[in-house]
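[1] Here is the input, now give the coordinates:
(chains A, B and C)
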Amino acid sequence: MSISVLLITLAILTIASYSFGRKRSLSLATVTEKKKSSLHSLPGYYGTLTALWCAIPALLILSLWLVLETSIITHIVSEDLPAEVQNLPESERNLVINRLHNELAGQTFGEPDPILKPAIDHYKRLQQISNMALTVVILAISILGGLYAWSRVSPNLRARNHVEIVLKFLLISSSTIAILTTIGIVLSVLFEAVRFFQTVPLTEFLFGTKWSPQTAIRADQVGSSSAFGAVPLFTGTLLISFIAMLIAVPIGLMSAIYLSEYASRKFRSVVKPMLEVLAGVPTVVYGFFAALTVAPFIRDSGGLIGLSVSSESALAAGLVMGIMIIPFISSLSDDVINAVPQSMRDGSYGLGATHSETVKRVILRAALPGIVGGILLAVSRAIGETMIVVMAAGLAANLTANPLDSVTTVTVQIVTLLVGDQEFDSAKTLAAFALGLMLFVVTLSLNVIALHIVRKYREQYE
Amino acid sequence: MTEHTEGHIVRRYDGELAQLRGMVLEMGGLVLFQLDQFVNLLGNSTEKLAKQIIERDNDVNRLDIESHRDVLKLLAKRAPVATDLRTIISAAKVVTELEHIGDELVKVSCLYIDIADSKRPQLDENLLQDARVMGKMAHTMLRGAVDSFDTVNLEKSIHVAQESRELENEFQAALQKLTNYKSLESDNNVSNTLSMVLVINAMERIGHHTKNIAEYVVYMAKGKDVRHVGLDRLFEEIYISN
Amino acid sequence: METITTSSTSVTKDTPLMTPEKPNEVVENKVIDRDHRGQTVGDVTVENPRMTARNVNVWYGDKHAIQNVNLDIANNEVAALIGPSGCGKTTFLRCLNRMNDTIDGCLVEGEIALDGKNIYDKDVDVVPLRARVGIVFQKPNPFPKSIYENVAYGPRIHGLARNKTDLDEIVHSSLKRSGLFDEVKDRLDQPGTGLSGGQQQRLCIARAIAVSPEVILMDEPCSALDPIATATIEELIDELRKKYSIVIVTHSMQQAARVSQRTAYFHLGDLIEVGPTSEIFTNPKHKLTEEYITGRFG
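    Here you go, the predicted structure:
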């Protein structure tokens, strides 16, 4: 029986056992004088419990079986391989086994290797046996589980409590999956980064001021010297983010204050969604805007006052990124300002404060943790932003604080390093993972700080 | 009058107030009965009647204690205000007055039993007549006062106040008569006359207590304290709107 | 019910009182008829008033929230406003320092004068007005600042202190007058929100008196507090009475009875009855007042 059919059968069995469990609980129940059933739990809980007993052990065994099946069969088959294969060194034996798997998957052309022929047959036979055994075992476990629960159904059985426990574990395992995935991502980046740091020292990466990631194929090749100093990338990132925040924070915050404190309800209901549309514009479109409109404009107007502005400037990218981030800040700030209780405003007005005094001294004060949290989230967003920078700021890793120069950012370099053909053992490729790790650490710490600030200064309003 | 068409939102409160009023009325009934018995006693002095009056006082005392307990309970639980507060306070005061009346009656009943025991000659019919008239007046007044408490009828209250003045006059007249009494020479007559003075004095006190009851009813209904104000003011308070 | 018969022609001093024949109907002193509500029972005026409200009408949009209310606020007196929910007592309170200005669609008509000057006149600035007529709200609402800064807020925005020493002096004396100083003197720099409910409310009172008001309005100041904290606030109110006029809105009739000298009963936007508190709570004149305070409707 194929796995899908097996699963469908299992589902049918589960549904059936639900109704059996429910019926049995109803038939066992006696109704007392006060119209109260003698059952401990509602009948549905007995049904659910029976269904869970039917499904969960079977599913656990099934998944375990599927995970282990291939490796166990492979192991058995490789034991039976001819002696000459057995005697091969470890890596070559693995190659043989790989070939075996490829044969089985039908990914080879022509006649199979005669040495492998018996092994392939053996493998296929074992797989058939396993498949049949699986069907039998799973169905048996499922039915036995269902029967066990069914037989235990009695008015005294605390079915509800059992079901609650199972549900709790289900929830725990779901949340664990999310956490494990994050850990997995970090680890995968970490391992690649560690490989990179085996070729390039950590200190050079962290403190080197020159970034030119080439890998020489021949030692005498032109430009064979490569440098992996990440400082220009980070300064570039910081420069652009700084410019972006310089634009976004005041504009976003002030528009939030206007919208939540001064604007009429009607105006607000129109403008706020419009502002949020800004957040929905794809970053690529912002990139066009930056590269085709803003950057030439800056270059031309810079030229008018005698400044030499490169056609791809940090300023252009930063400006557009700032505009992109405005709705982030204004929306988040607007929410926290609105969350400041009316009683706070009344208290201030009641003392004779004016509107702007109230906003400045009380409302912003009360909303500060939320606003700071919003800003830090926006910074994370700015640092991680790629598309605008690729299009507007260029690829040149300049170590400069001049916003009119072209700079590049960490994310842009990761993209350029990984786009196109590459081999996964060269320092050039691995450098991307090191950069990724750094970026991750930076944004993670920003988020942690943001959370900490929000939590520490959050006032307890009821 | 001050009866409200709708009761309290908390219905139990209404029940507790009604219970308190009921207790006061029951006590009033008992004291009225005692007074009635006593008036009957004056003349055909049977010891049995006197003992009945004394026994009945146990019930009066019990009701006194119970109603005071209920008053305290109401004050503590309901924090009454306005008409409720006045009703409860008036009830407590009325109970006290009724209890005093009961005590007066017990006192004179004991006196009566003493007279019967001492084998003294019968009381002079002339003296008895005065006492009986006063007793009957006091009885009418008390009935009126209890009724006015029951129905919050201020006209009855004012009537009681007026009657109290008449009873006072009667008392003065009776005292005058006793001072001029001729047959004071005999020893027996001295003690008999003294007893009679005590009896008519008790009747006068009962009248006074009854007047107080009527005044508490006015306080309960109008929130005006009309004790010690004289009949004119009382009349004014009731009939003239503020 | 009987109609009011105010005259008593047959009852005069000369009339022989002993005649029991009916001189008159016994006068019913409780007005019930709702048409009679318009006229406030009791004396709304006081000698030498601090504030006077005359013919005050308030609308929230189409809703006529307060109708023709006249009421004086006396010096050194606690006036309690009581009444069922939605009767307009809070609205009236908020009119007294124009807090209703902050509500959209709220229209106030009539005259409310503070020391003889109509506060709704065009030339009256609301900022100094609110410094003269302070308000304390139902829920303690300390600002998210330190205890010191909470109290210093008012003096700062009104420029009452010339230097730091002045400000310290104002803050300390306000805290002392609100009875909070001894409890918080070691932690003036800690957030006001960290105090207990009763302390927060006293902080709000300190904040209000820091700008030296003449009148303090209190909108159910104890409804969020436990009995002990309530008792502390009530004691404080009694203490503050020596220096300020106080108007308090309260849902607790017992509280009105405890803290106030005069009580005003509002019903559906009308001021039904005003009188000395002891009078209102023992012998209210108006049927509606009586029914409300005895718990016959609410």
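
[2] just checking, what packs against the helix or strand encompassing B:Val218?
    Here B:Val218 sits within helix B:187-222, counting by DSSP states H and E. For helix B:187-222, the elements it packs on are helix B:82-117, helix B:125-151, helix B:154-179, helix B:230-239, judged by 3 or more CB pairs under 8 Å, 6 or more residues apart in numbering or on different chains; DSSP states H and E. For every residue, glycine as well, the C-beta is placed using N, CA and C.

[3] before we move on, what SS does C:Ala224 have?
    coil (DSSP: H, G, I helix; E, B strand; the rest coil).

[4] you'd agree it is up against C:Asn141?
    No: taking contacts as CB atoms under 8 Å, C:Ala224 lies outside contact range of C:Asn141: 10.3 Å.

[5] The helix holding B:Val218: which residues count as buried?
    B:189, B:192-193, B:195-196, B:199-222 (16 or more other CB atoms under 10 Å in any protein chain shown).

[6] ok, now stretch A:339-348?
    Buried, per 16+ other CB under 10 Å, within stretch A:339-348: A:340, A:343-348.

[7] ok, residues contacting the least confident helix or strand in chain A by mean pLDDT?
    The helix or strand of chain A with the lowest confidence, counting by mean pLDDT, DSSP states H and E, is helix A:83-87 at a mean of 73. Contacts with helix A:83-87, where a contact means CB atoms under 8 Å, 6 or more residues apart in numbering or on different chains, come from A:93, A:96, A:115.

[8] Okay, and the closest residue to chain B within the stretch 251-400 of chain A sits in which element?
    Closest approach between the stretch 251-400 of chain A and chain B, counting by CB to the nearest CB: A:Ser343, at 30.2 Å. Using DSSP H and E, A:Ser343 falls within helix A:342-350.

[9] Then C:Arg296?
    Here C:Arg296 is assigned to no helix or strand, by DSSP H and E.

[10] Near the closest residue to C:Ala257 other than its chain neighbours, how many residues? Count them for me, please.
    Nearest residue to C:Ala257, sequence neighbours excluded (CB to CB, 6 or more residues apart in numbering or on different chains): C:Phe281, at 4.9 Å. C:Phe281 has 22 neighbours, counted by other CB atoms under 10 Å in any protein chain shown.

[11] so after the longest helix anywhere in chain A, what's the next helix or strand?
    Under DSSP state H, the helix in chain A containing the largest number of residues is helix A:159-199. Next in sequence after helix A:159-199, counting helices and strands by DSSP H and E, comes helix A:202-207.

[12] ok, residues contacting that next one?
    A:196-197, A:227-231, A:431, A:434.

[13] and the following helix or strand past that helix, which strands flank it?
    Per DSSP H and E, helix A:202-207 leads on to strand A:211-212 as the next helix or strand towards the C-terminus. The partner list of strand A:211-212 in its sheet, established with DSSP bridges, is strand A:227-228 (antiparallel).

[14] Let's see stretch A:47-67 as CSV, backbone CA atoms only.
    C-alpha atoms of stretch A:47-67 as CSV (Å, rounded to 0.1, in the frame of the first residue of the first chain):
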residue,chain,number,x,y,z
GLY,A,47,-14.6,10.2,20.9
THR,A,48,-11.6,12.5,20.6
LEU,A,49,-9.6,10.5,23.0
THR,A,50,-10.3,7.3,21.1
ALA,A,51,-9.4,9.0,17.8
LEU,A,52,-6.2,10.3,19.3
TRP,A,53,-5.2,6.9,20.5
CYS,A,54,-5.9,5.5,17.0
ALA,A,55,-4.0,8.2,15.1
ILE,A,56,-1.1,9.4,17.1
PRO,A,57,0.9,6.2,17.9
ALA,A,58,0.4,5.1,14.3
LEU,A,59,1.6,8.4,12.9
LEU,A,60,4.6,8.5,15.2
ILE,A,61,5.7,5.0,14.1
LEU,A,62,5.0,5.8,10.5
SER,A,63,7.2,8.9,10.5
LEU,A,64,10.0,7.1,12.5
TRP,A,65,9.8,4.2,10.0
LEU,A,66,10.0,6.5,7.0
VAL,A,67,13.0,8.4,8.5
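
[15] Buried residues in it, which are they?
    Under 16+ other CB under 10 Å, the buried positions of stretch A:47-67 are A:47-59, A:61-62, A:65.

[16] residues in contact with C:Arg207?
    A:347, A:351, C:142, C:150-151, C:153-154, C:174.

[17] For the stretch 101-250 of chain C, just list every one of the helices.
    Ranges of helices in the stretch 101-250 of chain C, per DSSP state H, counting those that start in this stretch, are C:126-132, C:147-157, C:164-177, C:181-184, C:197-209, C:227-240.

[18] so which of those helices is the most packed in?
    helix C:197-209 (a mean of 26; mean count of other CB atoms under 10 Å in any protein chain shown).

[19] What's the mean pLDDT across it?
    For helix C:197-209, mean pLDDT rounds to 91.

[20] how many neighbours does A:Ala105 have?
    Using other CB under 10 Å, A:Ala105 is surrounded by 8 other residues.

[21] Next, give phi and psi for it.
    phi -80, psi 0 (degrees, to the nearest 10).

[22] that older thread, just so I know, which of the helices and strands packed on helix B:187-222 lies nearest C:Asp168?
    Closest approach to C:Asp168 among those is made by helix B:82-117 (49.1 Å; CB to CB).

[23] Give the buried residues for that closest one.
    Under 16+ other CB under 10 Å, the buried positions of helix B:82-117 are B:82-109, B:111-113, B:115.

[24] Keep those residues, but drop any that are not near chain A.
    Counting by CB under 8 Å from any CB of the partner chain, nothing from the buried residues of helix B:82-117 sits close to chain A.

[25] Close to chain B: what parts of the stretch 151-298 of chain C are there?
    Looking at chain B, the residues of the stretch 151-298 of chain C close enough under CB under 8 Å from any CB are C:253-254, C:257, C:280-285, C:289-291, C:293-298.

[26] Among those residues, name the buried ones.
    By 16+ other CB under 10 Å, these give C:253, C:257, C:280-285, C:289-291, C:293-296 as buried.

[27] among these, which two are most distant?
    Between any two of these (CB to CB), the greatest distance is 18.1 Å, for C:Lys285 and C:Gly295.

[28] between the lowest-mean-pLDDT helix or strand in chain B and helix B:154-179, what angle do the directions make?
    Taking mean pLDDT, DSSP H and E as the measure, the helix or strand of chain B with the lowest value is helix B:230-239, at a mean of 73. In terms of direction (axes from the mean of the first three to the mean of the last three CA atoms, to 10 degrees), helix B:230-239 departs from helix B:154-179 by 170 degrees.

[29] Do any residues in helix B:230-239 lie close to chain C?
    Yes: Helix B:230-239 is in contact with chain C by CB under 8 Å from any CB, via B:231-232, B:235-236, B:238-239.
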